[in-house]
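Undergrad: need a 3D model of the following:
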Amino acid sequence: MKLGLQLGYWGAAPIPDAPALIAAAEAAGYEAVFTAESWGSDAYTPLAWWGSQTSTIKLGTGIAQLSARPPTSAAMHALTLDHLSGGRHILGLGVSGPQVVEGWYGEPFAKPLARTREYVQVIRDVLAREGRVTNDGPHYPLPYPADAPGSTGLGKSLKPITHPLRADLPIWLGAEGPKNVALSAEIADGWLAIYYTPRLADMYEQWLAEGFARAGARKTRDTFEVAATVQVEITDNVAAVIDAYRPSTALYVGGMGAKEQNFHAEVYRRMGYADVVRDIGEKFLSGRKDEAIAAVPDEMVLETLIVGDEESVRGQIKHWEQAGVSMLMVTTRDVDQITRLGTLV
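TA: Numbers count the residues shown, from 1 in each chain. All right, here's what the predicted structure looks like:
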């Protein structure tokens, strides 16, 4: 089992003491540190800024949103950071959701699977630098068609000026549903899993197997990374930790997405919490946030949480490893917890 530090995206202000957290993770032997973006801070600037103070830990986006930048721009970001870090970049990508894509970026959300496939292929073509980059797909045509609205007809195919350090720079995909997970296994090098629960490991493995069985799949199960974001807390006060994470569970299940389409809520429905999800959603969307938080049962929080004393945590980590997870992307913001966890793995 490898460890990653998931710093995520900023709230109202930058993450306090982020350099100290990253330094502790690097000293404790963590494999990677990850940043994210939503509709505030971006994923790349903090990663480059903080990453410049490191020397061995890998630097990953977990995730960079597809709609935030064209695929050629994402490739430019990736090859630049890969050079600056000496080949330590992991490019984690995800489609986000319709509220963010259409409401923040002003882009259509339709056909996320097709868009992801096309986006990743353009990035790989840039990184391969085998010729001028072209794309005939409907989502990211290159060059922009001469007969398309607003076109000057002067666009030309290009290849990157800068030679990428690695043509095989790892690309991991954030995915929650069966089709997205299967696509990750087919075209990517890893799966960034959120709200993973070992209880459903057999189901996840079926989704992955479907992707690996497709013609042209890049990896096998043995060479594919499954990196799961998880809250890990070493403590004797399990109840306090559950209470601390109950609000975030309510937020993502009830408020991070439209009533008609919330991918996080769907994950918990698959876990068997359909009635609870409905109750939380109704309360949250009607403004009764305190009631929504109170409606989250302990077992729902524990599905995606590793908590207990050192012996218990060590055993739970082993359980997650046996379930198929190769990296735990821990969300703790405490230097002591980061260091103690490093000694257990």
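
Undergrad: I figured residue 33 was touching residue 56, is that so?
TA: No - here residue 33 does not reach residue 56: they are 10.9 Å apart, not a contact under C-beta atoms under 8 Å. Where you see a C-beta, it was placed from the backbone N, CA and C, and this is true even at glycine.

Undergrad: so what sits against both of these two?
TA: residue 26 (C-beta atoms under 8 Å, 6 or more residues apart in numbering).

Undergrad: of these two, give the one with the bigger neighbour count.
TA: residue 33 (27 against 12; other C-beta atoms under 10 Å).

Undergrad: the more buried one: what secondary structure?
TA: At residue 33 the chain is in strand, as set by DSSP: H, G, I helix; E, B strand; the rest coil.

Undergrad: for residue 3, see how far away it is.
TA: Here residue 33 is placed at a distance of 10 Å from residue 3 (C-beta to C-beta, to the nearest Å).

Undergrad: overlap in contacts of those two?
TA: residue 25.

Undergrad: so which residues of the stretch 101-250 of the chain form helices?
TA: 112-128, 178-187, 201-212, 238-254 (DSSP state H, counting those that start in this stretch).

Undergrad: turn those helices into TSV, columns for mean neighbour count and distance to residue 151.
TA: What follows is the helices of the stretch 101-250 of the chain, written out as TSV (neighbours: other C-beta atoms under 10 Å; distance: least, C-beta to C-beta, whole Å):
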stretch	mean neighbour count	distance to residue 151
helix 112-128	20	19
helix 178-187	22	29
helix 201-212	17	36
helix 238-254	19	41
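
Undergrad: ok, which of these comes nearest residue 301?
TA: Minimum separation from residue 301 across the helices of the stretch 101-250 of the chain (C-beta to C-beta) falls at helix 238-254, 4.9 Å.

Undergrad: might you list the low-confidence residue ranges for the stretch 151-300 of the chain?
TA: Residue ranges of the stretch 151-300 of the chain with pLDDT under 70: 257-261.

Undergrad: go again with 90.
TA: 248, 252-267, 285 (pLDDT under 90).

Undergrad: one step back: make a markdown table out of the helices of the stretch 101-250 of the chain and add distance to residue 19.
TA: As requested, these are exported to a markdown table (distance: least, C-beta to C-beta, whole Å):
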| stretch | distance to residue 19 |
| --- | --- |
| helix 112-128 | 29 |
| helix 178-187 | 31 |
| helix 201-212 | 34 |
| helix 238-254 | 24 |
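
Undergrad: which one of the ones you listed lies nearest to residue 160?
TA: helix 112-128 (5.6 Å).

Undergrad: orientation of the closest one relative to helix 178-187 in degrees?
TA: 20 degrees (axes from the mean of the first three to the mean of the last three C-alpha atoms, to 10 degrees).

Undergrad: list of residues touching helix 112-128?
TA: 66, 71-72, 74-76, 78-79, 91, 93, 95, 133, 135, 137-140, 142, 159-160, 164, 166-169, 171, 173, 179-180, 183, 187-188.

Undergrad: give me the buried subset of those residues.
TA: Buried by 16 or more other C-beta atoms under 10 Å: 66, 71-72, 74-76, 78-79, 91, 93, 95, 133, 135, 139-140, 142, 160, 164, 169, 171, 173, 180, 183, 187-188, out of those.

Undergrad: so which of the residues you listed belong to strands?
TA: The strands, defined by DSSP state E, take in 91, 93, 171, 173 from those.

Undergrad: of those, which is the nearest to residue 84?
TA: Out of these, the member with the shortest distance to residue 84 (by C-beta to C-beta) is residue 91, at 14.0 Å.

Undergrad: OK, contacts around the closest one?
TA: By C-beta under 8 Å, 6+ apart, the residues touching residue 91 are 60, 61, 64, 74, 78, 123, 169, 170, 171, 172.

Undergrad: tell me what it is bridged to.
TA: residue 171 (DSSP bridges).

Undergrad: and it, how far from residue 43?
TA: Counting by C-beta to C-beta, the gap from residue 91 to residue 43 is 10 Å.

Undergrad: which neighbours do these two have in common?
TA: With C-beta under 8 Å, 6+ apart, residue 91 and residue 43 have common neighbours 61, 64.

Undergrad: longest strand of the chain?
TA: Longest strand in the chain, counting by DSSP E: strand 225-234.

Undergrad: burial of the residue nearest to residue 108 when sequence neighbours are not counted, as a residue count?
TA: Nearest non-adjacent residue to residue 108, counting by C-beta to C-beta, 6 or more residues apart in numbering: residue 102, 6.7 Å away. Counted with other C-beta under 10 Å, residues neighbouring residue 102 total 14.

Undergrad: what do you get for the one 4 residues further on?
TA: Using other C-beta under 10 Å, residue 106 has 8 neighbouring residues.

Undergrad: swap in residue 146?
TA: 10.

Undergrad: ok, so of the contacts of residue 91, who is nearest residue 29?
TA: Out of the contacts of residue 91, the member with the shortest distance to residue 29 (by C-beta to C-beta) is residue 60, at 16.0 Å.

Undergrad: for the closest one, which residues count as its bridge partners?
TA: residue 34, residue 90.

Undergrad: does it touch residue 30 like I think?
TA: No - the pair residue 60 and residue 30 fails to qualify as a contact (C-beta under 8 Å) at a distance of 11.2 Å.
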